[in-house]
Structures are given as C-alpha cells and as structure tokens.
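Q: Just to be clear, the model below is a prediction. Sequence and coordinates:
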Amino acid sequence: MRIRKRNSGSAATPALLALIIVIMVAITVYVFASNFPWAVRPAPITAVGAEIDHQYDLTLAVTATVFILSQLGLAFAVWKFRDRGQKAHFTRGSNTLEAVWTTATIVLFLGLGLMGHKAWAEVRFTPASPDAIQVEVTGNQFVFNFRYPGPDGKFGRLDPRQISASTGNPLGIDANDAAGKDDIVVPTLTVPVNREINLLIRSQDVIHNFYVRELRIQQDALPGMVIPLHFTPTVIGQYEVVCTQLCGLGHSRMHSYLNVVSDADYDTFLKQQAAGQ
Amino acid sequence: MSSHAHAGGSTVHAPMAEPSGFIRKYIFSVDHKVIGIQYFLLALTAVVVGIVLSLLMRFHLVWPNATLPFVSGGQMSQEQYLALVTMHGTIMVFFVLTTAPQGGFGNYFLPIQIGAPDMAFPRLNMLSFWVTFLAFVCILAAFVVPGGAPISGWTGYTPLSGLGEITGPGEGWGQTMWIVSISLFCLASLLGALNFIATTIDLRAPGMSLMRMPLTVWGWFVTAILGLLAFGVLLAGGILLLLDRSANTSFFIPAGIVVNDQLQTLHSGGSPLLWQHLFWFFGHPEVYIAILPGMGVASHVLSTFARKPVYGYRAMAYAICAIGFLGFMVWGHHMFVSGMSPYSGFAFSVLTMSIGVPSAIKTFNWLGTLWGGQIQFKSPMLFALGFVSLFVSGGLSGLFLAQPAVDNMLHATYYVVAHFHLVMGVAAIFGIFAATYFWFPKMFGRMMNEPLGKIHFWFTFVGAYCIFMPMHFIGIAGGIRRYADASAVGFLAHLQPVHEFMTIAAFITGAAQLLFLFNFFYSLKFGPKASKNPWNATTLEWDTDSPPPIDNFGGHYPSVYRGPYEFSVPGAADDFIPQWVEPSQVARVK
Amino acid sequence: MPGTIVTEEIELIPSDRGPGGGGFSGNGGDGGDGGDSSGATRVPQRAYITGMFIALAGILMFFMAFVSAYIVRKDMPNSAWVPLQVPRILWLNTLLLIASSFTLARAHSRFSAKDDEGFRHWWATTTFLGIFFVAGQILAWRQLAAQGIFLATNPSSSFFYVFTGAHGAHLLGGILALLYVQFRATRKVARGTAIEVVSMYWHFMDGLWVFLFLLLYLGR
C-alpha cells in the first residue's frame, strides 16, 4: 500500500522560481514602459508611420496584458500549489472555460489583426498618386544608387551590358536612349518634404532591401522585379538607409541616407545635378 | 511485473533474443531505443557545435577587432561571421531541434508509450538515422571545403545562393555541401516520419485508443505528419537549386543580373520568390516540428509532477492538430516585404493570428494543470515550467510580426531573432532538457544528479532571459540582423552596450551547459540506480525495466485500461493510477 | 471488491470499450504476422499498407512542389518561356504505363484466385511494360537532345526533364520492387501484402504520370 509522500523538498525552489518570473516581468514591463535610449525607435516622419506606431502600441497593450497575466499566473500557481502535503484537486478540465478562452482569444487576436489592415493597405494596396515624385532605387552588392528621371520626367532604358561604375554609369543607362540623357544618378536619396514620393525598388544582382527606420516601412529589392513603395515625409532631416536582406559579405556595409529637404533645397539639388551632367 | 497481473488483456510471447556483437548492438542496430540514443547523441554533438558557433558570433559582435587564435588573418572577417550565422542556424534548426525531440525521444518512447515492441519498420528506422548522420557529416564538411562555409543564412535565399562563388565566399562548394546535406536530411526525415505515423496508427496496444495516448505521442504523431508533407517540398526546392547552380537552369535566377560587374547570361527569367515560397512552405511547418514535441513533453511532465490530470486533455490534443494544420497555411508571413502580393500578405496575416489561438489554449491549459496541484519541483518539472514561461514570452512577440503593418518596421531586425530564439532556441530546448531529465532514468537505469540539475536550470532560465529579452529592444530600436558589425550605421552605435550584456550572458549560460554535460555523462556511469518508476508516473514506459529489455516489455505486451494522466483520482489509494493496471487491481481507499 | 468502500468512482474502470484501434488483437492481411521464431517484432501486415499510403502522401508533396513551381514559372511575365512540343513517343509511353496498371490488376486478381502461374505471368508482363516505359522515356530524352533541347535550354525544357527524370527514377524503384516480388520470397512481409503494397505504388506512379503528361501536354 503506497502512501502519498509528504513533500520532502523545501519551499526555496518554488519561491525562487516565482520570484525570478516576477522580476523578469517587472523588468520587461519597466523597459517597455519607460523610454530607455536603446529600446526606442526614432519618431516617425510620415503619417502612415504614426499609424504603424499606433498599431504597434495596440498590439503591445494586448500582448502585455496576456504576458503579465500568464507569467504572474504561472508564478502564483508555482508558489500557491507547491507540494505541502495537500492532495491535488482532481479535475479533467472545463468545457465552458475552454469555450470562453478560445472565443476570447479568437476575438482578440483576429480583431487586432483586422485593425492593422488600414496601415498596411495604405502603403501596399493603394498605389501612389500619379503626381508623386518617382525615384528609382537600385541595390547592388554593396551600394544603393538613386535615379531621378530628370526634367523630361522619363527614365531612360537600362541595359545591363552597359553597366560600368568606372565610367559613371553604375546602372547601365542605355546610351542610345534620349530619355536617359538627363537622368540623375546619386548615391543618396534627396526628397522634398510634404510631397508624396514613389520609390521604384530594384536590384542588379541579389536580393537587397531598402529600409529607413523613421519611415517605418521597408521593401525587399528583387532582381528581375521593380517594386513600388510610396510615402510622404513630413519632417526635414537626414535619415539613415540600411539594407536588411542578407546580400553577401558587405551586407552590414550597405548604407546610405535619406535627405528630406525643403522645396527650395530640393529644386537647388535638382538644378545642381542637372548642371553637373 | 509478474504476468498474472496482465492476464486480462495482454498476450504473452517468448522474450526476444538480443542481437549479438558490438556492431549489431550499438552501431547498426534496428532497435528503436538504440537508434533514439544515437539521434540524441548526434543532436548533443550538434548543439555543442552550434553553441560554439553562436558564442563566436556574439564575441565578434562586441569585440570585432580582437585577434582570434585559429582564424586565418587573425581577425574574423565579414564572410566568416556570415558563415557562422548560416551554419549556426542550419545546424541548430535541423540537427538539434528536428533531431533530438523527434528522432531522439520520439524514436525511443513512441513505441513504448503505445505498448509496441518497436517501430513498424525497424530497418527503415536504422536507415533514417544513418542518412541523418551522413547529412551531418556533409554540413560539417562545408567548413573545410574550398571557399569555406556558405554565407546565405539558413534560409539560403537566391540569387545569393544560386550563382556560385561569384556572389561571395563560401557560395561555391560550401553552398553545395549545404544543399546536399539538407537534401539528405529531408530524405531521412521523410523515412522517419513514415515510420512514426504507421507505428502510431497500427501498432497501438489493446486499449490504447487515440484519446488515451499520452500527449507526448500526440506531439510526435502530428510532428511526423508535418514532416511527411513538408520535407518533400524542401527536397524538391533543393534539387531545383542544385540544378540552377550546376546545370545552368533558371528556376530561381532572373535574367540580366550583373554580379561583380559580370553580366549573367546563362539564366533566363527565374524567380527568387519561388525559392522563398518553396523554402517557407517547408520552413514554417519546420518550426512547428521543432516545438510540438516539446509541447507534448511539457504537458506530460507538468501533469506528472503536479499530480493532476492534464487540464483539458481533449482540447490539448485538438490544439496540437490545429497548430499542425494551420502551420501549413501561414508561410507567407516570412515574406510580407518580399515583393509577394500584399493581398496574399494580408491573408497570411489573418491565418497567422489564428494560429495564436490554439497556442494560447495550450498555455491556459498548462496553467490549469498546475492550478490546484501538488507540485513537486524536480529538474524535469523545472524545465517544463520554464518551457511555459519561455513559450509565452516568445509566442507573444509573434503577434507583432504576424501583422504586416508592424512587420514593416520589425522585419529583419533583432526583434525577429529574439522571437524565434525564445520559442525555438530556448523553449524547445527546455522541452529537450525536460525530456532528458525525465527519461534519463528509464533510458539508462540511473538517476541524474538532482542538485546539479537544479543549478543547471537556474543558470539556463535566467541566462536565456538575459540574452533574449534585451534583444527585442535592440530590434525595436532598429538593430538589423545578420550584420557582421555595426560600424557603418550611425544609429546602431548606442546599442553596443546591450550587445555586450547579451554576449556576457551568453557566455555564462553557455558555460552552464557544461554542468548538464557533466551531469549527463557522470550519471551514466555513477548515478544511483533507478527503479522502474521513480517519478510514480502513469504511462506505459514506466511499467518496464530501466532500461527496457530489447522488445520493451520482456515478452508480455501491456493492455491499456484508462487514460494517461490519472493522478489524484478520488477514491484511489495512491495518487496515481497507471495505464496498465487492471481495474480490479487498483488499490482504493478503505 | 470485498471489504472496500469506494467513493467517487471516477475512471477507476475504463470507460472506453475494449481494445482500441491498432494493436495485436487480430492481424489484418493473410499469412498471419510473418514473424520468425526468433521473436522478431510482430508488425501487423496492415502496417505495410498504411506505410505505403503514407509514403505516397510524401511523394505526392514532392511532386506537387515541382508542379507548383512549373505553374508559377510558366505564367511569369518576361520569363522567356518557350512552350515545349512534347515528343510524340510520350503518347506511346503513357499507353504502355496505363496498360501496365491493367496487367497489374490482372496479376493481383490471379493471385487472389490462387493461380500462381497466372499471377507470375501477368506480374512479369507488368514489369516488361514498365521497362519499356522507361526505355521510351529515355528515347524521348534522346529525341529532344537531337533537336538541341537540353536541361537548361529553356525553362520549359528544364521542367520537362525534371518531371520525367523524377518520375522515371521513382518508376525504376517500382520496377525493382516488381522484380523483387517476382523472384524473391519476402520474410516479414506476407506475399499478399507485398503484392498489395507494390500495386498501390505502381498505380500511383501511373496516375501521377498521366497527370504530369497532361500538364506538360496542355502547357505546350
């Protein structure tokens, strides 16, 4: 006849485990709630960026609630129901509870997902307006090049056989195409504030990516495809452009700048580039 | 157990003869128990390699200019770092997380827990292991072939991986070895999955209905189904990639690309996105393959050490099936910004949010299992409890990534790295630890050292959180993944102190694993002898000797009379009623 | 139970009815479980059938990956896709393979009727048809090569070679299995089960070929 053994372990283990979990939750919540410099993102510079932030905050509120309740629930259970010689309460579960928390979770998670629809749709479903400023972004191992259509408003044809960085034609603009004569190719992206920009993102070799934190949006650059990405920057400043898709040994060196300038400065920029050609 | 206790249902046969000779017993054995241990040891070797690689990575991120002893040139180069990234991911995902839980413990305990003498196809089982072993040799060979290991990440996106050495160092022979290794692994896994599924369907003992199977078996069973349907797709993709690289086909390489100033003329219009679709169609079920067995083990261990039935057993079994099923429909959430149709992106997003539902159900049921229990804090239980905490943490960050709007800003940042490490690189590993501590007595006939196990747990649990919680913050601040160094990007500079903290935590946690290794190997020889059922557990493996005889039950086969988690049943004298005990033999309170 | 008072009898006795699915109470298939006297694992014959179903599911996914790649690639814009004229011999090959399924079914029924001679005859016929199919496929490859159409010539030819190559390799495996059953007695697997299992595989490969052939033919 086997007797249910009395607990021979101490309360130290459950106490320590509960404590660690509680401390972990406390630190995590604290870091998220306060604004440690190394834990925050810079302020967004687009309206859609602010919407993305809003969706992020909403998600954070939901997940934080679930996180705190589950982890603290775990810590509590571990302490309260440690073996003190009590008999465990026999139950197989509760269909009602299953139904309740299944429904709640479905509503919460799907609701959250559907609420984020707008921020996604604005950038990805809706194309840029026809009078957006078009700039082509080309990634290749391991630089960014930005091409403006120039005064004629048309991009010249590209011919990969005519690519020659040494003679100043890194994109391979076809010399036989008149439309390409006034194209401006620069290593950084300069755009006017409060105007819609439509980037045409492409790659010459492997997959790259264009990402600016302050824009809150990024897009892979695929060889063989041209993928549009539009936004309207609202704050003048200089922002870093990085490549986030592993593209080879120079991946972490692939770096550029987004310069959001006033209208006047933008005109100056275009004129200077045109004069330099 | 004398046979009369089983006279009710089981058949009695002459005990099976053991194979003779060292080779047939330990090397080319068809015994699922030996094969399970072989898989486990393979995974143990792989995890040591994988951890060393990750520590080298973390070291480089904080001290990039340090001189390293066995690195040519003294300092680690960009491509060497990326090779570490690639090999760390590949080795850990395939040779640890897909091998130890399923190939290791699944092989060992699935047949025993359902009352079978072996897997349905023992020789196929042996073949599966040795092909996996060959695959492991191939992946290690990638380090030593000309050009070194590949640098395209464990995801191997094309065209970076599809054009050969011209896209970067290691992309020649190294990438080829990678593809060969992965293809072999696919074959082995397909064969293994076949065995698991056939065994579970056809070899269950009398009385072992589906709804009486331990949740560990449910985990292995659904995992095997996932593997069966997913690995074939990766194999196909691997073959096409190999053809692109060596036969100049154009499945994944577009036309007119210029690499290193050289126009690639041999390719005509393939799609890099096609590779991503094929890879992730496999890749997403793969991560559920990595976690489902751990979930099964967690449920099993939590119930055993809380002395309570699993809360909502049926819901748990259904949730495992739901996770498996939905797991096939969400692969596009890895591709939100890839250039894939944004409409598909949204569809994938909804499905991905849905997969959070069965995961949440499981979490609530784990808490329910603990609630009102009589919790005993042995090492297996500590790791199972840790599993729950880590799975909650890691799973919730997935909710951010599942939404494409938010993924816009978090994609390819350290936030993603934090997410998948918490769920795979820690929670799933905790599942493996829990299983090891739990089943070591059964497998080897000895107990592991309990105080050492506890110390191992504290270091690993705290250490894992110290490494991976801060990683979320770096990701939010814009820290980009797979960066060999941060020097070129201004906004990364102020994140260095966090990297230092994580690196130090990583080294300490890595060192703590030596405690586990010591405990494991020391206890093999010197641990106190284990009884048949040291944990007073209920499932069939505890009805046989520790370790079990060659045919698992010594000539008789059990019958099953009840579900797997009959703990603290009112009216029973003991606080557990094993599955194999006839109703008339159950001791009741007087 | 004499002398005991039982409170709240919850699941002390099993609530499910008797033996569950699977297991050792009753072996499906003919010939018993085929275990040899050394006590080898007692695997019910049914497990081999289950195993074949499972294997076919895995193989199906493998081919479906190729098929979905084909469909995607074919419809890509700017893909330089030149439709491939399927070599005419493929029609003959397809007929041969379909015929082999009929001969296989005939062999199966001869076996069930305990007509061993008839079984061997039709089983061998199936094998020959299979071999002719593979020879025909190789001929098709050589015809394409003679026209200068190789693996990498065009995406459409790439897929042609991949489909026919992968299918042919699997079919060769099937031929080996047919030969094995023809000439060797199986130990653990009962003869009837082996025949059943190989037949499943063969019919599946036949059906798969018809599907692939139609795909290639309609996609030209």
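A: Yes, it's here.

Q: which residues in chain C form helices?
A: Applying DSSP state H to chain C gives helices spanning C:46-74, C:89-112, C:116-146, C:155-183, C:191-218.

Q: what about the spatially closest residue to residue B:486 that is not a sequence neighbour, neighbour count?
A: In space, and not counting its chain neighbours, residue B:486 is closest to residue B:492: 3.7 Å by Cβ to Cβ, 6 or more residues apart in numbering or on different chains. For glycine as for every other residue, the C-beta is placed from the backbone atoms N, C-alpha and C. Residue B:492: 21 surrounding residues under other Cβ atoms under 10 Å in any protein chain shown.

Q: Tell me who's in contact with residue B:492.
A: Residue B:492 makes contact with B:478, B:479, B:480, B:483, B:486, according to Cβ atoms under 8 Å, 6 or more residues apart in numbering or on different chains.

Q: One more pass at 10 Å, please.
A: Counting by Cβ atoms under 10 Å, 6 or more residues apart in numbering or on different chains, residue B:492 makes contact with A:240, A:242, A:252, B:474, B:477, B:478, B:479, B:480, B:483, B:485, B:486, B:499.

Q: Let's see which of those residues end up in helices.
A: Residues of the contacts of residue B:492 located in helices (DSSP H): B:474, B:499.

Q: Now for the contacts of residue B:492: which two are most distant?
A: A:240 and B:499 (18.2 Å; Cβ to Cβ).

Q: still on that earlier bit, columns neighbour count on top of the contacts of residue B:492, output as a markdown table?
A: Listed next are the contacts of residue B:492 as a markdown table, based on neighbours: other Cβ atoms under 10 Å in any protein chain shown:
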| residue | neighbour count |
| --- | --- |
| A:240 | 19 |
| A:242 | 24 |
| A:252 | 24 |
| B:474 | 24 |
| B:477 | 23 |
| B:478 | 25 |
| B:479 | 24 |
| B:480 | 27 |
| B:483 | 26 |
| B:485 | 16 |
| B:486 | 19 |
| B:499 | 20 |
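
Q: Just put the contacts of residue B:492 in TSV and tack on pLDDT.
A: Formatted as TSV, these follow (pLDDT from 0 to 100):
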residue	pLDDT
A:240	97
A:242	97
A:252	95
B:474	93
B:477	93
B:478	93
B:479	94
B:480	96
B:483	96
B:485	90
B:486	91
B:499	96
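
Q: nearest to residue A:144, of the contacts of residue B:492?
A: Distances from residue A:144 to these, taken by Cβ to Cβ, are shortest for residue A:242, at 9.5 Å.

Q: quick one: the residue nearest to residue B:486 from residue B:558, how far?
A: Here the criterion is Cβ to Cβ, to the nearest Å. By it, residue B:492 lies 60 Å from residue B:558.

Q: what do you get for residue B:39?
A: Computed as Cβ to Cβ, the residue B:39 to residue B:558 distance reads 25 Å.

Q: Enumerate the residues of the stretch 151-277 of chain A near chain C.
A: With Cβ under 10 Å from any Cβ of the partner chain as the criterion, the stretch 151-277 of chain A meets chain C at residues A:224, A:225.

Q: Quick check: which ranges of the stretch 151-277 of chain A have low pLDDT?
A: Residue ranges of the stretch 151-277 of chain A with pLDDT under 70: A:277.

Q: Please enumerate the helices of it.
A: A:263-276 (DSSP state H, counting those that start in this stretch).

Q: okay, the closest residue to chain A within chain B: pLDDT?
A: Using Cβ to the nearest Cβ, the point where chain B gets nearest to chain A is residue B:254, with a distance of 2.8 Å. Reported pLDDT at residue B:254 in the predicted model: 92.

Q: Show the contacting residues for the nearest residue to it once chain neighbours are set aside.
A: Leaving aside its sequence neighbours, residue B:254 sits nearest to residue A:224 (Cβ to Cβ, 6+ apart; 2.8 Å). Residue A:224 is in contact with A:202-203, B:159, B:253-257, B:267, B:269-273, B:339, C:76, C:78-79, counting by Cβ under 10 Å, 6+ apart.

Q: ok, back up a step: any idea how far the residue of chain B closest to chain A is from residue A:223?
A: Separation of residue B:254 from residue A:223 (Cβ to Cβ): 5 Å.

Q: what residues do the two have in common as contacts?
A: With Cβ under 10 Å, 6+ apart as the test, residue B:254 and residue A:223 both reach A:203, A:205, B:158, B:159, B:264, B:270, B:271, B:272.

Q: Which of these sits closest to chain C?
A: Distances from chain C to those, taken by Cβ to the nearest Cβ, are shortest for residue B:271, at 6.0 Å.

Q: Do I have it right that the closest one meets residue B:250?
A: Yes - Residue B:271 is within contact range of residue B:250, at 9.1 Å (criterion: Cβ atoms under 10 Å).

Q: picking that back up, how many neighbours does the residue of chain B closest to chain A have?
A: 24.

Q: contacting residues for residue B:388?
A: Counting by Cβ under 10 Å, 6+ apart, residue B:388 makes contact with A:21, A:70-71, A:73-74, A:77-78, B:295, B:298-299, B:302, B:362-363, B:366-367, B:369-370, B:427, B:430.

Q: Would you quantify the distance from it to residue B:296?
A: Distance, residue B:388 to residue B:296, by Cβ to Cβ: 13 Å.

Q: returning to what we had before: the contacts of residue B:492 in strands, which ones?
A: Secondary structure defined by DSSP state E assigns A:240, A:242 of the contacts of residue B:492 to strands.

Q: hmm, back to that, got TSV for the shared contacts of residue B:254 and residue A:223, with neighbour count and secondary structure too?
A: Shown next, in TSV, are the shared contacts of residue B:254 and residue A:223 (neighbours: other Cβ atoms under 10 Å in any protein chain shown; DSSP: H, G, I helix; E, B strand; the rest coil):
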residue	neighbour count	secondary structure
A:203	30	strand
A:205	26	coil
B:158	29	coil
B:159	28	coil
B:264	22	coil
B:270	29	coil
B:271	24	coil
B:272	27	helix
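
Q: what helices or strands is the helix or strand containing residue B:467 leaning on?
A: Here residue B:467 sits within helix B:450-476, counting by DSSP states H and E. On a contact count with 3 or more Cβ pairs under 10 Å, 6 or more residues apart in numbering or on different chains; DSSP states H and E, helix B:450-476 meets helix A:12-33, helix B:379-401, helix B:404-410, helix B:414-420, helix B:429-444, helix B:496-526.
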